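**Student:** have a look; sequence and predicted model below, questions after that.
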Amino acid sequence: MSVGKMTKLEDHLEGIINIFHQYSIRVGNFDTLSKGELKQLITKELPNTLKNTKDKGAIDDIFQELDHNKDGQVSFTEFLTLIGRVLETAHKEIHQE
């Protein structure tokens, strides 16, 4: 990603990309998440952040919301919607503490 030493923010951004690919590579298209891959990512990587991660209906709802073009897959761009929402919620919670 970078020629020199990465900043903390750059390192975290690369981490988000790496986590996405850690799950997207498992089934079908290597650069999109299937519903099962998204469920695994959410339940393993965001269990303290997203509530109801064990609820299949909640995961289905999240998948439908993220799959903007309705192709049955979540692209990295679509996945960024989830990351944005998670960050926004975390930001609000930090200010409430």
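**Tutor:** Looks like it came in fine.
**Student:** list the contacts of the biggest helix by length in the chain.
**Tutor:** Longest among the helix segments of the chain by residue count, using DSSP state H, is helix 76-96. Residues outside helix 76-96 that contact it (Cβ atoms under 8 Å, 6 or more residues apart in numbering) are 16-17, 20, 24, 31-33, 46, 49-50, 62, 65-69. Every C-beta, even on glycine, is put in place using the N, C-alpha and C of the backbone.
**Student:** of these, buried ones?
**Tutor:** Neighbour-count burial (16 or more other Cβ atoms under 10 Å) applied to the contacts of helix 76-96 gives Phe20, Ser24, Thr32, Leu33, Leu50, Ile62, Leu66, Asp67.
**Student:** which residues in this structure form strands?
**Tutor:** 32-33, 74-75 (DSSP state E).
**Student:** could I get the ones you listed as CSV with mean pLDDT and distance to Ala58?
**Tutor:** Rendered in CSV, the data for the strands of the chain read as follows (pLDDT from 0 to 100; distance: least, Cβ to Cβ, whole Å):
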stretch, mean pLDDT, distance to Ala58
strand 32-33, 97, 16
strand 74-75, 98, 15
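**Student:** next, format those strands as CSV and append distance to Gln40.
**Tutor:** Listed next are those as CSV, based on distance: least, Cβ to Cβ, whole Å:
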stretch, distance to Gln40
strand 32-33, 9
strand 74-75, 12
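**Student:** circling back: inside helices: which ones of the buried ones among the contacts of helix 76-96?
**Tutor:** The members of these that map onto helices under DSSP H are Phe20, Ser24, Ile62, Leu66.
**Student:** which pair of these spans the longest distance?
**Tutor:** Farthest-apart pair in these is Ser24 and Ile62; separation 15.7 Å (Cβ to Cβ).
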